[in-house]
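Trainee: Sequence plus predicted model, see below.
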Amino acid sequence: MPDPIFTADVKLEPYWWEAAPRPPSTPPELPAHADVAIVGSGYTGLSAALTLARGGRDVVVLEAGELGQGASSRNAGFCGRTFNHGFSTLAGKTGLDNAVRVYRAGEAALDYLIQLIESEQIDCQFTRMGRFTGASFASHYELLARDTEGLRKHLGVEVEMVTKGDQHREVGLDIYHGGQVMLRDGGLHPALFHQGLLDRVVAAGATVAGNTPVTAIARETAGFTVTTPRGRIAARDVIVATNGYTGGLTPWQRRRVIPIGSYMIATEPLPEAQMDRLMPRDRVHSDTRKMVYYYRASPDRRRVLFGGRVSLSETDPRRATPRLHAELTRIFPELAETRVTHGWMGFVAYTFDKLPHLGRRDGIHYALGYCGSGISLASYFGARIGQQLLGRAEGRTGLDGLRFSGRPYYWGRPWFLAPAIRYYRWHDSLSVGG
Ligand SMILES: Cc1cc2nc3c(=O)[nH]c(=O)nc-3n(C[C@H](O)[C@H](O)[C@H](O)COP(=O)(O)OP(=O)(O)OC[C@H]3O[C@@H](n4cnc5c(N)ncnc54)[C@H](O)[C@@H]3O)c2cc1C
């Protein structure tokens, strides 16, 4: 029997692919030589390619599947300077100067993204609507307030607190204990942004090859040999831009990133008045639980797009979708009868210090580990890696030189994920009313 929460024409692929289907998949012939070979065609790989191709380098981008099939065409489209550590937590753990340095890099990344979209005139429905983070528990309101004060005082971030009494102006819910609004944050259509970047990379003269997995990278006396099933390329430099899809090709990086699935659904269109009541300011939304849920209106304001993590181990979207729908209904009881038109997932990359990393190992450049907030950071890091290879001073970032550690007995399969999720759920349950 068909599941009543699915529409008859439900698609188990990103809602975003309706407006931006995956590009045609016949890959071009591979060059025998390139100045730079880039592994991965998401925002990181394409931003690096754009910078390098415009800087006069011969660039080839190699993608295992369809172009942009990774997280870059699957995400929720929230654009900000969010890190996994709140500002005050990071300052408490690593010192104020370090927290300021990290958050400045986040600010620089958001500025870079906005400037990129504007200067390139990328039509990706980008709007600076602000981000509301609901305090899931009373004690979390105080944590958000402390962050707000620190971000204002030390970084001049435009951020404000909203009390529980006022929160209906942000969201049509009573479940939060007030919250925080990051006024300069925004939202975009991730797959249109990806498509816009791709068009510009191709126009700049780079070769971009989908369905071309890199199976080996071998160091030579001058550069590298990059092997694919479709041929070999002699490249002077290599950039690894594989984030949550990092595999056995680069074992050193694989031991340092933790791939975690994030799952999303799109509802069928809702009446305008209901959307206005649920999300009156059209912000992007999340909460303060460890097992965070995030949601927003679709850019046309007709649907709710809702995401989070609903299983202990990875599962497929058909199984995850009913559980996500149940969570959607728990948060928005009035959506219990609303059906789902799209359900999908993608992999994000966490790191053990919960910070993104860029650098060079065994001569191979890399940028990854955005911990679920990679739209601005991946675009920025990709461009910075490109500038570093061009020998430009502006390629430096506030996150250069961070020690990038793995953990004993971790080789790339997160065997600890299920116990960690159980712990986070338990932690969230303890915080109730806290
Ligand atoms: C459901 C979801 C929601 C998210 N929401 C947000 C959000 O709202 N805001 C935000 O800022 N971030 C969000 N993110 C995170 C963000 O999408 C990522 O951080 C960002 O897209 C990473 O870009 P990337 O180019 O580094 O990696 P990806 O876009 O994941 O690209 C990596 C590519 O490498 C390819 N690859 C891997 N191995 C090989 C190989 N051997 N050969 C060739 N190619 C290879 C993969 O096929 C993949 O296409 C979300 C992610 C998900 C999954």
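Mentor: Okay, I see it. Residues are numbered from 1 along each chain as shown.

Trainee: what's around the residue in the stretch 51-200 of the chain positioned nearest to the ligand, how many residues?
Mentor: Distance from the ligand to each residue of the stretch 51-200 of the chain (CB to the nearest ligand atom) is smallest for residue 70, at 2.6 Å. Where you see a C-beta, it was placed from the backbone N, CA and C, and this is true even at glycine. Using other CB atoms under 10 Å, residue 70 has 27 neighbouring residues.

Trainee: Surely it and residue 43 touch.
Mentor: No: the criterion here is CB atoms under 8 Å, and residue 70 misses it with residue 43 at 9.2 Å.

Trainee: tell me the helices in the stretch 151-300 of the chain, going along the chain?
Mentor: 190-203, 251-254, 272-278 (DSSP state H, counting those that start in this stretch).

Trainee: which residues sit in contact with residue 167?
Mentor: Contacts were defined as CB atoms under 8 Å, 6 or more residues apart in numbering; by that measure residue 167 touches 134, 173, 176, 178-179.

Trainee: for residue 345, helix, strand, or coil?
Mentor: Following DSSP: H, G, I helix; E, B strand; the rest coil, we place residue 345 in the strand state.

Trainee: So what sits opposite it in the bridge?
Mentor: residue 263 (DSSP bridges).

Trainee: Count the neighbours of it for me.
Mentor: Here the number of neighbours of residue 345 (other CB under 10 Å) works out to 22.

Trainee: contacting residues around it?
Mentor: Here residue 345 is in contact with 74, 261-264, 314, 316-317, 320 (criterion: CB under 8 Å, 6+ apart).

Trainee: Filter those residues down to the buried ones.
Mentor: 74, 261-264, 317, 320 (16 or more other CB atoms under 10 Å).

Trainee: what would those residues look like in JSON lines with pLDDT and distance to residue 187?
Mentor: Formatted as JSON lines, these follow (pLDDT from 0 to 100; distance: CB to CB, whole Å):
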{"residue": "74", "pLDDT": "98", "distance to residue 187": "15"}
{"residue": "261", "pLDDT": "96", "distance to residue 187": "22"}
{"residue": "262", "pLDDT": "96", "distance to residue 187": "16"}
{"residue": "263", "pLDDT": "97", "distance to residue 187": "19"}
{"residue": "264", "pLDDT": "98", "distance to residue 187": "14"}
{"residue": "317", "pLDDT": "91", "distance to residue 187": "22"}
{"residue": "320", "pLDDT": "94", "distance to residue 187": "23"}
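
Trainee: which among those residues gets closest to the ligand?
Mentor: residue 262 (3.7 Å).

Trainee: Run through the residues that contact residue 281.
Mentor: Counting by CB under 8 Å, 6+ apart, residue 281 makes contact with 129-130, 132, 169-170.

Trainee: Point out where the protein drops to low pLDDT.
Mentor: Within the chain, the segments meeting pLDDT under 70 span 1-2, 431-434.

Trainee: Give me the most central residue, it.
Mentor: residue 374 (3.5 Å; CA atoms, centre = their mean).

Trainee: Assess the claim that that one and residue 75 are in contact.
Mentor: Yes: Residue 374 lies in contact with residue 75 (CB under 8 Å); the separation is 7.5 Å.

Trainee: Alpha carbons of stretch 64-79, in CSV - could you do that?
Mentor: Extracted in CSV, the C-alpha atoms of stretch 64-79 (Å, rounded to 0.1, in the frame of the first residue of the first chain):
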residue,chain,number,x,y,z
ALA,A,64,33.1,10.5,-9.7
GLY,A,65,29.4,10.9,-10.5
GLU,A,66,27.1,13.5,-12.0
LEU,A,67,28.5,17.0,-11.7
GLY,A,68,27.7,18.5,-8.4
GLN,A,69,26.0,15.4,-7.2
GLY,A,70,27.5,15.7,-3.7
ALA,A,71,26.3,18.0,-0.9
SER,A,72,26.6,21.1,-3.1
SER,A,73,23.3,20.4,-4.9
ARG,A,74,21.6,18.8,-1.9
ASN,A,75,22.0,21.2,1.0
ALA,A,76,19.4,23.5,2.7
GLY,A,77,20.9,26.7,1.3
PHE,A,78,21.5,28.5,4.6
CYS,A,79,24.4,31.0,4.2
